[in-house]
Structures are given as C-alpha cells and as structure tokens.
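>>> Need a 3D model of the following:
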Amino acid sequence: MVTHARPAKPPRLTADEFDVLYRRLLSRAAWASGDRGALDALTPARVLAAAREVRTGRTVTLAAPVETLPGPDNPEPARHRMSGQPEEDVPGGLHFARDSFAMNVHGDADSHIDALCHVIYDGTLHGGVAASSVTADGATTLSIEAARDGIVGRGVLLDIPRLRGVRWLEPGDHVTADDLTAAETAQRVRVTEGDLLFVRVGHRRRRAELGAWHAADARAGLHPSALEFLADRRVAVLGGDGNNDTAPSSTEGVDFPVHVLAIHAMGLHLLDYLQFEDLAPLCAAEGRWSFLCVIAPLRLPDATGSPVNPIAVL
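Next up is the predicted model:
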C-alpha cells in the first residue's frame, strides 16, 4: 500500500545554489571537524546505548558478494586468483589452498566505505586539508585508518521504496528530506545524533531482477538538499544500496554533490553499494527499524577507502 506519494521532482541546483548549501552545511558541521569527522559522535555512551538495540541476537550482513565478473556497472571487477590450489593427484602430507585478491575499491558494484580523503573539492580535503596530502603512495591523513577501531553504533534503515509502495526507485529518481521524514513517521523510528543512517532506494533489488546497467550514468540517490536532514540529526555515517548520489547529477558543474556535501563539508564516512534485501524484511516483520551495527574496514593506513561488510545485530 502506498503511504507516501512520489514527490514532484526536486529542482536542479545551480552552481551558486550548491555553493550556498555547501557553506551552510559546512558551518553546521563544526562538531565533526576533526580527523575522524562525524565518527567523533560515536561516544562510548552511545555505543553502550546502541548495544541495547539487540533483542534476538540475529546477525545480518549489509554487504553484497564481491563481484569477480565484468558487467555494465563493473568493468574492473575484483580479481580472485588461486595461488596454491591442490593438483588433481594430491600427494600425502600437509598442503594449503591459497588465493589472492585485487580490487577497485570505489567501483559501482562492490560494497565499500569512503574515507574522508576520498573527495577533493576546490583543492582541499575535509577540514581544509591540502589535496597534496594524497600522494602516489597513498593518503598521509584522513585515510580509512581513522576507522581502525571499528564503527559501532545504532543503525537506522529508512526504506524509501516501501514508503512509496514500489519495488525500487528508478534510476534518476531522488530521495528528498521530506521522504526521510515521512519514512521515519511510517516506520515509527527517529534518527538521532550519532546514528548510522542507511537509506534504501532498491538499487540491489532492481539489479537482481532486471540485471546490471551502467549505474555510473543512471541511478537513484539522495537529492543534495536531503543532507540538511542529516545535519539536523547529526548522524555519524551515511550508507546506501546505491552510490548515495543520483545520476545524472542534479547540480550544475558537480557530478557527485552528495559526496561533496557529506564527506568534504560534513565529515561523514559514506558506505556505497550495500544491500538491504536481507535486512529490510526482518525489520518489517519485527516492526522495528533500528539495530546495533558493526562496521570493520580493513586496516589500510594510506587508503581512500576499504571493502566492507557491515553487520546488523537485531
């Protein structure tokens, strides 16, 4: 049943309008201006409070399987090579099966987390750090190492296709701040300071049922103005089952406005291309949309991101 009609298409932003929005969010994010950005909101007290979200002890992955075959949205798939597989006739004694992986972390298929050094905008990183701090050998600051102790907090899933009574949002569609507020009301949950906010647009379900497409050119995501909602609630992390940004971009001259606003202005680590198709039905069945969430990026001290497997604990 449709509980919230599809809103009128939000307006495109001119370069000047985006600049005003960027500066407004930057001024409101002074609380997230350190090397860890908004992760500083995950205080021990909030982690303890998040632990009380556990009711059944059931664990659910929010990651999609790593893709090793090329596709329209994945021209550079992860490479998995067996390096020590047994031969047909295995001699006696001890042997080890071994393998190695290589991965384009920031592709359009695999689940990953973006570090605060990922976005360079007007010559700087988050917090005004010089772009030159990202070198050919890696990032010297604001790398994914900032999350080395893990990201643990209260996760909240807002399911926008469920809100609108559709299977998924079509590529090019936008999630607005009004959508996020309406989803809170419909799901009887409220996003609060320090939460890990996950927004479902149905990207993974559409991909599974219709096949992969060139997501770099067309995908559903948040409208830049929706970041006002995140600033109001002071969330610690934003994650989506798409790229979080809509394509084509709604902003003149900026292809990834949500990435710029979230990472560069607000200090939010972004999680892209997650999957919520296991979690959403459980949340609906239990009638609750908040949970303990544990995210453990790889310790890659100089990296701009990491493959990731967030775990929801219900």
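>>> max-length helix in this protein?
Determined from DSSP state H, the single longest helix within the chain is helix 15-28.
>>> so where's the protein shaky on pLDDT?
1-8, 30-33, 85-88 (pLDDT under 70).
>>> go again using 50 as the cut-off
1-2 (pLDDT under 50).
>>> Quick check, central residue of it?
With distances taken as Cα atoms, centre = their mean, the residue of the chain nearest its centroid is residue 271 (2.0 Å).
>>> How many neighbouring residues does the residue nearest to that one when sequence neighbours are not counted have?
Distances taken as Cβ to Cβ, 6 or more residues apart in numbering put residue 239 closest to residue 271, at 3.4 Å, once the chain neighbours are dropped. Bear in mind the C-beta positions are built from the backbone N, C-alpha and C, glycine included. If you count neighbours by other Cβ atoms under 10 Å, residue 239 ends up with 27.
>>> for the helix or strand hosting residue 239, the distance to its chain's centre please.
Using DSSP states H and E, residue 239 maps to strand 237-240. With Cα atoms, centre = their mean, to the nearest Å as the basis, strand 237-240 stands 4 Å off its chain's centre.
>>> sorry, back to before: the longest helix of the chain: what's the following helix or strand?
Assignment by DSSP H and E places the next element after helix 15-28 at helix 44-51.
>>> ok, and what's touching the longest helix of the chain?
13, 224-225, 227-228, 231, 251-254, 257, 260-261, 265-266 (Cβ atoms under 8 Å, 6 or more residues apart in numbering).
>>> among these, who's most crowded?
Greatest neighbour count in the contacts of helix 15-28, by other Cβ under 10 Å, goes to residue 261: 31 neighbours.
>>> list the contacts for the nearest residue to that one once chain neighbours are set aside?
Once flanking residues are discounted, residue 261 sits nearest to residue 227: 4.6 Å by Cβ to Cβ, 6+ apart. Listed by Cβ under 8 Å, 6+ apart, the contact set of residue 227 reads 21, 25, 258, 261, 262, 266.
>>> neighbours around the closest residue to the fifth one other than its chain neighbours, how many?
In this structure, residue 262 finds its nearest non-sequential neighbour in residue 268, 4.2 Å apart by Cβ to Cβ, 6+ apart. By the criterion of other Cβ under 10 Å, residue 268 has 30 neighbours.
>>> With the one 10 residues further on instead?
When neighbours are defined as other Cβ under 10 Å, residue 278 has 13 of them.
>>> Please apply the same query to residue 222.
Residue 222: 30 surrounding residues under other Cβ under 10 Å.
>>> Same question for residue 294.
Using other Cβ under 10 Å, the number of residues around residue 294 comes to 17.
>>> Kindly provide the distance from it to residue 116.
Distance, residue 294 to residue 116, by Cβ to Cβ, to the nearest Å: 20 Å.
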